[in-house]
Every structure is written in C-alpha cells, then in structure tokens.
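**Q** structural data only, the sequence is not supplied:
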C-alpha cells in the first residue's frame, strides 16, 4: 500500500475506535442532542410567540439556526475528545506507533462528522415534529444540511487544535463554549439581526455562523441562494484549511 | 544487528526552569535488560519519552537500533514497543479491541493483528477478560494489557516505564515472569523502576539516575560489591543511645550511618569485623537491642550514592 492509502486506513481505524468509545459513553451523544432539542422547544414555544419575522413562520425561520447551533456546539466534542486522550496518555502511545501522523486528528474529526450526521438527523426529525417544513422541498433541505455538516467538520478542526493544547477536558470545554456562544447568538440564528444595534449587527453579520444560517434559509425557504451558499462554503473551506494546518502542526510538534 | 541496541549520549531536557535531564548517557547492549533506577523526578520517564520519540531532547542525541530518535523517528517507531505509566490503553475498548487497534496502527495487517492479539491475550492470561471493556480491568490486568499492547509488532526493543508501580506482589511477580521470558527470547528491554528489588530481579545492568544524571552504573552484583561484602545493622532502644554508639564507632574509623535508632556499618572483610564492632561498643554505650548481618541491597547502594531515601 502507498502512503496515502496507509494514512487513510489508519484514519479509519482511529475513527472506528472513537465511534466505539462514543457508543459506549452515550452520555456525550445524548447531551449533544438534548441541548438543541431544548432550544427548539424553548424558541418554538416559549420565546417564539414574541418574535416576529416578516413573511415566514417562526419555526421555519428557527430550524436553520438550530441546525447551525447543533453542529457549532457539537464541535466542542472534538476538543473534549482530544483533550481526554491527551490526559489519559493514549496520545503518547499513538505518537510512538508507526502510524500516519495525520490519523489521530483525521480519525477524530471523521468520527465527529459521523456524530454530527446523527445529531442533525435527529434535529430534522424534531423540527418536523414541531411543524417545520422545507418550502423548497427535499433538495433544498439536503443542500442546506450539507452546508451545515461541512461547517461542523471545519469547526471540528478548529476545536482539535484547542483539545491538543489543553490536557483537561473540562477546561477545553470551558475555553470553547464562550466563543461558540458568541458566534451563535450574535448571528441571526434565532432572531433577525435587524433588531440588533448597529455595532452588533456589523459583527453578527460578518461571521461564519451567520453566513451559514443565511445560506440555509435561502436554500430551505427559497429565493436567490448562490451568493449566500458561496460565502458560507468559503468560510467553511477557509476555516478547514487554516485550522487543519495549525492543528496538524501542533500535533506533529508535540513533545518539542 | 549491532551490539548496542540503545544509546543515549549527553541527553538534556528542561521543562521551563526545571531541569529533567542534565547530560544523561548510557548504553543498552542488544539482547540485555537495563534497569534505569531512580526516585520520582529523577528523569526516568523523560528518558523513555525521548527514546520512544514522544519527546525531543534539548541537547544530546540517542539512537535505537542505530536509528536516530529525532532524525529517523518514523523508523525508530517500527522497532520499539512502549508500555508504562504515561502510555495508556483505551478504557472504552475491550482488551482484544485495544490489541487489534494497536496492531493495525503498528501496521501488522488485519489478519496478523487478530492472530497476534489472541496469542498475546493467551500469554498474558487475559483470555477470559478479552471481550470485557478495559475500564473494568483490575490494575494488574490493565498493566498486563498495556505490556501486551507494546508487543503486537514483535519489537526488538521494549521500553517499560515503571511497569509494576502500584501493583500487588502477585501481579508484580507475574509481570516479572513475562519480562524475563521476553528477555530470554532476545528482546532488548529498558525498564525504569523506583523499586530496587525490581532492578535487582530483572536487570543485567543497572543505571542509577539522580537529578537527571547517571549517579552510578554496574551489574546489581557489582554495585553491591562496591559497598563491601556485608552490612551490619544495630538497633538501639533510643535515638540517644544510637547516637552515642555512632560516635563510639566513628572513632574506630568504620563510618557508621544512623537513621533513628538504627545504625548501619558496611564492612569489606566479612563478618569477622563484627567482633571488632561489638568490642568498640562494649561498656561504653547500652547494648544494642538487635544485631543483624546482611548482604547489601540496592537500597543500601542508593542511600550511599544519593544520600536520599528512594
């Protein structure tokens, strides 16, 4: 086998290990799902009545925001997982094995991609249960979910770098939460940015979560989508390239 | 294969202001067992981390099977196995899954990894626990799994970092047995321990490490011989009596060491000098409440070299 095939095989082996671990500590998966479900219920039934979005029912406005929020918080799982491996000493063993250097991070993010697929699928189900419908049909919905998963994958790499630097899972989580919180709540995920003060709008509308939600809405609710989709994809690809490079470098340089 | 399996020369490593290794050098002849002996914080784990490519030295260099651990790290990883306190198994995988995973990542191939896992589960007495999650294992079982995980690809050089720390005596002896078998089969073993008894039991050669440097080196027998043939231990009723006896003995030139109510005297010429020792005490101080004569243990060696209790 050549180097690339071996690296892929190692990556799949590590991902397989992480998925087994995930299934055997189901708390992590359950919490990753419960949080967005609570948000759906809160915003659909508690706050939703007070939020007016012109021209669209609030539940249809809300769900694209929920999908984005689910994968954004889910990415913290990547940081927590790597941080746990760092503390337990498994990373040291991996680093002394003749496996591909990329496989620990590649396998971790691949497993977290699979986890995101499950979480997003559950959220779609919950959305339908509370009255969400895709005006643009299944094609629009799946295209939007594709963007969501791509963004989640890119953000996993950003969190991977964090997890490699903090050997305490709780600290890794605590470090990531405020950043994700700010990204999600300054965006138009739950309320239109137009209700925010000008300075906040300026920040809120120039960041990846907002771009993702805008693209999702264009795809799901209908209307011109190309520009928003391109911006969202550009964010995801940019985040992926920059942070994959940084995280890989951090992994290779561990122990220096 | 060359005559030297592991060579460390002038290794230095600092973590911030703490110097972990301060110019450590030693060699492990191919096929032998070397014990790196020292207290906590003496630099043993740092040494193993560097030799197993997990950590880079600040200065100095090291080779394993003639391969440089920094420049040829990828090739070094193919010839080493690592087990120890800082390299873990996955608690959420079964024993078998752990071994197959490590085997796959050690590039032995899927079928070979499975076969080798079965073999190792058998030889480490883990067959009945093979399909249980490692988090349900006892400390001894987890340690055996850890050592087994280091052996999937039959590495010619094995690093064991404090393999028996925290184990009960039975598990400890079982692990010693496994290490002896590996050594007999030709594996070069470098093990660290803070148990002098362990180095004595397993190692062909012992390197005593203190504060990141080699304090002494030799076979267990040589190290003991350097301290004389026998050690007299005299016990007294009170520390004051013991101190008085120490002074009386010091006057005869035999270099007694006192710890509490106990006095130790090393002697080069066997038990003949016991009579001389007792005569020196006669009538001057209260009689000792206990007298024993034993061959020096590595504890005695350690105490003399480092001035500290391990």
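**A** Happy to help now that I have it. These numbers come from a predicted model, not from an experiment.
**Q** number of nearby residues for the closest residue to chain A within the stretch 51-200 of chain B?
**A** Residue of the stretch 51-200 of chain B nearest chain A, by C-beta to the nearest C-beta: residue B:88 (3.6 Å). In short, each C-beta sits where N, CA and C put it, glycine included. Neighbour count for residue B:88, taken as other C-beta atoms under 10 Å in any protein chain shown: 21.
**Q** host element of residue B:27?
**A** Per DSSP states H and E: residue B:27 is located in strand B:18-29.
**Q** chain center to that strand: distance?
**A** Offset of strand B:18-29 from its chain centre (C-alpha atoms, centre = their mean, to the nearest Å): 14 Å.
**Q** circling back: angles on the backbone of the residue lying closest to the residue of the stretch 51-200 of chain B closest to chain A once chain neighbours are set aside, please.
**A** Excluding its sequence neighbours, the residue lying closest to residue B:88 (C-beta to C-beta, 6 or more residues apart in numbering or on different chains) is residue A:89, at 3.6 Å. Main-chain dihedrals, residue A:89, degrees, to the nearest 10: phi 100, psi 0.
**Q** re earlier: partner strands of the helix or strand following the strand holding residue B:27 and their direction?
**A** From strand B:18-29 onward toward the C-terminus, using DSSP H and E, the following helix or strand is strand B:33-37. According to DSSP bridges, strand B:33-37 has the following sheet partners: strand B:188-193 (parallel), strand B:205-210 (parallel).
**Q** before we move on, back to that, was I right to think the residue of the stretch 51-200 of chain B closest to chain A contacts residue A:86?
**A** No: using C-beta atoms under 8 Å as the test, residue B:88 is too far from residue A:86 to be in contact (10.7 Å).
**Q** winner for burial among the strands paired with strand B:33-37?
**A** Neighbour counts (mean count of other C-beta atoms under 10 Å in any protein chain shown) averaged over each of the strands paired with strand B:33-37 peak at strand B:188-193, with a mean of 26.
**Q** how many residues are close by the residue nearest to residue B:88?
**A** Each residue near residue A:89 was counted by other C-beta under 10 Å, and the total is 17.
**Q** cool, residue B:294 as well?
**A** 11.
**Q** quick one, what contacts it?
**A** Residues near residue B:294 by C-beta atoms under 8 Å, 6 or more residues apart in numbering or on different chains: B:230, B:231, B:233.
**Q** strands paired with the helix or strand hosting the last one, and their directions?
**A** So the one you mean is residue B:233. Using DSSP H and E, residue B:233 sits within strand B:230-235. Note on strand B:230-235: by DSSP bridges, its sheet partners are strand B:262-267 (antiparallel), strand B:290-294 (antiparallel).
**Q** returning to what we had before: if you average pLDDT over the strand holding residue B:27, what comes out?
**A** The average pLDDT within strand B:18-29 is 95.
**Q** again with stretch A:197-206
**A** Mean per-residue pLDDT for stretch A:197-206: 87.
**Q** contacting residues around residue 172?
**A** Assuming you mean chain A. When contacts are counted by C-beta under 8 Å, 6+ apart, residue A:172 touches A:76, A:79, A:80, A:82, A:83, A:162, A:163, A:166.
**Q** could you do chain B instead?
**A** Contact analysis of residue B:172 by C-beta under 8 Å, 6+ apart lists B:164, B:198.
**Q** residue of the stretch 151-256 of chain A closest to chain B, please.
**A** Nearest residue of the stretch 151-256 of chain A to chain B: residue A:255, at 4.1 Å (C-beta to the nearest C-beta).
**Q** domains in chain B, by residue range?
**A** B:4-218, B:230-294 (automatic domain parsing).
**Q** can you list the contacts of residue A:172 in TSV and add pLDDT and neighbour count?
**A** Shown next, in TSV, are those (pLDDT from 0 to 100; neighbours: other C-beta atoms under 10 Å in any protein chain shown):
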residue	pLDDT	neighbour count
A:76	93	24
A:79	94	28
A:80	93	21
A:82	94	31
A:83	94	26
A:162	92	24
A:163	93	30
A:166	88	20
